[in-house]
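S.K.: I'd like to go over a predicted model; first the sequence, then the structure.
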Amino acid sequence: MATPSHLTAAKAKAMQLCAGCHGPQGIGTAPFNPNLACQKKVYMVKQLNDYRNGSRTSHLPMANIAKMLSENEVDSISEWYSITGCP
């Protein structure tokens, strides 16, 4: 079964913006970087939107990255991570 195009695009964007800290398979590259693999989509969408709208300001790099994402990209990247690396 082919990967839907929105998830292919989401993976490409995640490799560009997220993989440096959260790893190419969604496993954090350092002990303080959270794993995103198999995380709940609704949770990731909320966190990214909180960074985007400024209601979450605890990590400036994440706020800057999240602001580069469109609403559709937030949704599709969150979906991609939610199905990546699941048992």
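M.R.: Great, that's in hand.

S.K.: CA only for contacts and neighbour counts going forward, please
M.R.: Fine.

S.K.: Flag every buried residue along the helix or strand that contains L48.
M.R.: Applying DSSP states H and E as the criterion places L48 in helix 41-53. Residues of helix 41-53 classed as buried: 41, 44-45, 47-52 (neighbour count, 16 or more other CA atoms under 10 Å).

S.K.: Looking at those residues, spot the one nearest M68.
M.R.: R52 (8.3 Å; CA to CA).

S.K.: nearest spatial neighbour of that closest one, skipping sequence neighbours?
M.R.: Spatial nearest neighbour of R52, chain neighbours left out: K67 (4.8 Å); criterion: CA to CA, 6 or more residues apart in numbering.

S.K.: Tell me how many other residues surround that neighbour.
M.R.: 17 (other CA atoms under 10 Å).

S.K.: For it, list the residues it contacts.
M.R.: Counting by CA atoms under 8 Å, 6 or more residues apart in numbering, K67 touches 51-53.

S.K.: now, which of those residues sits nearest A37?
M.R.: Nearest member of the contacts of K67 to A37, counting by CA to CA, is Y51, at 19.3 Å.

S.K.: quick one, helices of this protein?
M.R.: 5-17, 19-22, 41-53, 60-67, 71-83 (DSSP state H).
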